[in-house]
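> The sequence and its predicted three-dimensional model are supplied below.
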Amino acid sequence: MTLALSRPTAPPVSEQARVPLVTGGDIGYANLDHAASAPCLAAVRRAVDEFLPWYASVHRGAGFASQVATRVYERTREVLRRFAGARPRDTVIFTRNTTDSLNLLASSLPAGTSVVLFDTEHHAALLPWRGPHVYRIPTPRTRLAAVSAVDGALAACPEGPRLVVLTGASNVTGELLPVAEIAAVARRRGARIALDAAQLAPHRPLSIQDLDVDFVALSGHKLYAPFGAGALIGRADWLRAARPYLAGGGATRSVLAQDGGLGVVWNSGPERHEAGSPNTVGVYALGVACEQLGANWDAVIAHEEELGDRLRRGLAAVPGLTELKLLDGAADMVGTLSFVLDGFEPGWLAAVLSAEYGIGVRDGAFCAHVATRRLIARTGGTGGQAVRVSLGLGTTAEHVDRVVLALRQIVARGARWDYAIQDGRWAPTPDPRALPPFLAG
Ligand code: PLP
């Protein structure tokens, strides 16, 4: 007799919507846009509900609920530290999202810091760096060449502090970048490394210590905790020495009227960069999501790999479809991919998938305009837009099969409805789909 071992199951997301179709009726929403924003985990939603009666001011109140809320907020720093595999002395600063975290880091760099990064980064990682020593290098086509390119760029940097900024997983192609290898060359060249983990953290365990990186930026809404919090985790010294990101209450230890002006003593801990009342609900939700993922990585990865393989096999059989790739050869990937389809505009395709099949995908250039345009050019195309399908814990095999079948049907027989560009986007005309009741009227 053989024993069937049941596979561990990934944590469920909270209930997903049914969406109307232009052709009539409704269908369970196939959310294939996890890379943009992931649905809320059921456990996160429950935890937020449980916390809400205790919601109160943080760091400021003598009341019991304020003490509970403060405990929740501060304890979540430890949760994030564990989730990111941080060093014991690393700081955890709560932010709004990855964009906010990387802008905070950019505003905290010592004067004269050279910054090296690939020009294919997401705009959140591409744009915040200022000054004469920002080196945006084209991403080479192999992992090895990517490591050498960073090495070469660092060798050419002037003396002084250096920072390499790198994404863990591409939001366009889902490919994993050789973070540990790049970190090793950066280390040899005396540079620090900031990891944009917006797309890596929801899909793979993260370890600042194992990767030997200095900073990690991430977003709660991509980690199944869509309540508006993110984090910057990493070495404290630059952040401690930097001008507070926002000036205001909470960031200060004391403010005195002095010599006709103000004598301000700023906090030196994470509060230095967290002025204003914090997003305690968002922070708690982020912590709960991190605990859920951290306790279930095997199931999370197995779920995604199975569906990712199914998706890639299915799409390979869609005539005229070409997947975009940053690196040659088989790279490890998360469940995100972008493609172009011969003869079909990405915005039109996304509108048809939504209106006729109840599928949510992203079209456009994914806030990575340089990357998307370049990768499309490699396929022989001339446009700057593609379609992105991204999987996650809310994805089922039926969702994957539905998008593959839909694309095959669209290629074979076109759409069943009329579409026109309205306010710059393709939309069904007419569009009989009713908004949900809470928005009606
Ligand atoms: N970095 C990458 C790789 C991303 O995919 C994104 C968002 O899509 C960001 C940064 C920015 O994240 P957020 O919009 O949460 O700030």
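In hand now; what should we look at?

> how about the closest residue to Glu271 other than its chain neighbours, secondary structure?
With CB to CB, 6 or more residues apart in numbering as the measure, Gly250 is the residue that lies nearest to Glu271, at 5.6 Å, once sequence neighbours are left out. To be clear about C-beta, it is placed using only N, CA and C from the backbone, and glycine gets the same treatment. Secondary structure for Gly250, judged by DSSP: H, G, I helix; E, B strand; the rest coil, is coil.

> what's around Gly250, how many residues?
18 (other CB atoms under 10 Å).

> measure it to Gly220 for me?
Plainly put, Gly250 is 20 Å away from Gly220 if you go by CB to CB, to the nearest Å.

> still on that earlier bit, tell me the contacts of the residue nearest to Glu271?
If you count contacts by CB atoms under 8 Å, 6 or more residues apart in numbering, Gly250 has them with His59, Arg60, Asn267, Glu271, Glu274, Ala275, Gly276, Ser277, Pro278.

> Show me what counts as buried in the one helix or strand Ala180 maps to.
Using DSSP states H and E, Ala180 maps to helix 179-188. Buried residues in helix 179-188, counted by 16 or more other CB atoms under 10 Å: Val179, Glu181, Ile182, Ala183, Val185, Ala186.

> For the fifth one, which non-adjacent residue is spatially closest?
With CB to CB, 6+ apart as the measure, Asp151 is the residue that lies nearest to Val185, at 4.3 Å, once sequence neighbours are left out.

> Surely Leu327 and Val172 touch.
No. No contact is recorded between Leu327 and Val172 when judged using CB atoms under 8 Å, the distance being 11.7 Å.

> wait, is Leu337 part of a strand?
Yes. Leu337: assigned to a strand according to three-state DSSP.

> Name the SS class of whichever residue of the stretch 251-400 of the chain sits closest to the ligand, please.
Closest residue of the stretch 251-400 of the chain to the ligand, CB to the nearest ligand atom: Cys367 (5.9 Å). Following three-state DSSP, the label given to Cys367 is coil.

> Contacts only, for it.
With the criterion set at CB under 8 Å, 6+ apart, Cys367 makes contact with His122, His123, Ala124, Asn171.

> out of these, which is most surrounded?
Neighbour tally across these (other CB under 10 Å): the maximum, 27 neighbours, falls on Asn171.

> what number of residues lie near the residue nearest to it when sequence neighbours are not counted?
For Asn171, the nearest residue in space outside its immediate sequence neighbours is Gln199; the separation is 4.9 Å by CB to CB, 6+ apart. Residues contacting Gln199 under the criterion other CB under 10 Å number 27.

> What spatial separation is found between Gln199 and the ligand?
Gln199 sits 5 Å away from the ligand, taking CB to the nearest ligand atom, to the nearest Å as the criterion.

> close enough to count as contact, that residue and Ala169?
Yes. Between Gln199 and Ala169 a contact is recorded at 4.1 Å, counting by CB under 8 Å.

> any shared contact partners between those two?
With contacts defined as CB under 8 Å, 6+ apart, the residues adjacent to both Gln199 and Ala169 are Val334, Thr336.

> tell me how far the ends of stretch 126-134 are from each other?
Taking CA to CA, to the nearest Å as the measure, stretch 126-134 stretches 10 Å from start to finish.

> What does the pLDDT read for Arg60?
Here, the pLDDT recorded for Arg60 equals 82.

> for Leu3, same thing?
56.

> Spatially nearest residue to Val318, not counting backbone neighbours?
The shortest distance from Val318 to any non-neighbouring residue, by CB to CB, 6+ apart, is to Leu407 (4.7 Å).

> Now the residue nearest to the spatial centre of the chain: closest residue in space, sequence neighbours ignored.
In the chain, the centroid-proximal residue (CA atoms, centre = their mean) is Ala198; its distance is 2.8 Å. Distances taken as CB to CB, 6+ apart put Thr98 closest to Ala198, at 4.1 Å, once the chain neighbours are dropped.

> Just the C-alphas of stretch 392-411, formatted as PDB.
Listed next in PDB are the C-alpha coordinates belonging to stretch 392-411 (Å, rounded to 0.1, in the frame of the first residue of the first chain):
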ATOM      1  CA  GLY A 392       0.200  34.400  -7.100                       C
ATOM      2  CA  LEU A 393      -1.700  32.900  -4.200                       C
ATOM      3  CA  GLY A 394      -5.000  34.000  -5.700                       C
ATOM      4  CA  THR A 395      -4.400  32.100  -8.900                       C
ATOM      5  CA  THR A 396      -6.000  28.800  -9.800                       C
ATOM      6  CA  ALA A 397      -5.300  26.300 -12.600                       C
ATOM      7  CA  GLU A 398      -8.700  27.400 -14.000                       C
ATOM      8  CA  HIS A 399      -7.500  31.000 -14.200                       C
ATOM      9  CA  VAL A 400      -4.400  29.900 -16.100                       C
ATOM     10  CA  ASP A 401      -6.300  27.700 -18.500                       C
ATOM     11  CA  ARG A 402      -8.900  30.500 -19.000                       C
ATOM     12  CA  VAL A 403      -6.200  33.000 -20.200                       C
ATOM     13  CA  VAL A 404      -4.600  30.500 -22.500                       C
ATOM     14  CA  LEU A 405      -7.900  29.500 -24.100                       C
ATOM     15  CA  ALA A 406      -9.000  33.100 -24.300                       C
ATOM     16  CA  LEU A 407      -5.800  34.100 -26.200                       C
ATOM     17  CA  ARG A 408      -6.200  31.100 -28.600                       C
ATOM     18  CA  GLN A 409      -9.800  32.100 -29.300                       C
ATOM     19  CA  ILE A 410      -8.900  35.700 -29.800                       C
ATOM     20  CA  VAL A 411      -6.200  34.700 -32.300                       C
END
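
> before we move on, what SS does the residue nearest to Asn171 have?
Reducing the assignment to helix, strand or coil with three-state DSSP, the entry for Gln199 is coil.

> Quick one: residues contacting it.
When the contact criterion is CB under 8 Å, 6+ apart, the partners of Gln199 are Ala35, Thr167, Gly168, Ala169, Ser170, Asn171, Gly174, Lys222, Val334, Thr336.

> Could you do Gly160 as well?
Gly160 makes contact with Pro110, Gly112, Thr113, Ser114, His133 under the criterion CB under 8 Å, 6+ apart.

> near the ligand, from those residues?
Counting by CB under 6 Å from any ligand atom, nothing from the contacts of Gly160 sits close to the ligand.

> Only whichever of those are buried, select them in PyMOL.
Command for PyMOL, covering only those of those found buried under the criterion 16+ other CB under 10 Å:
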select buried, resi 113+114+133
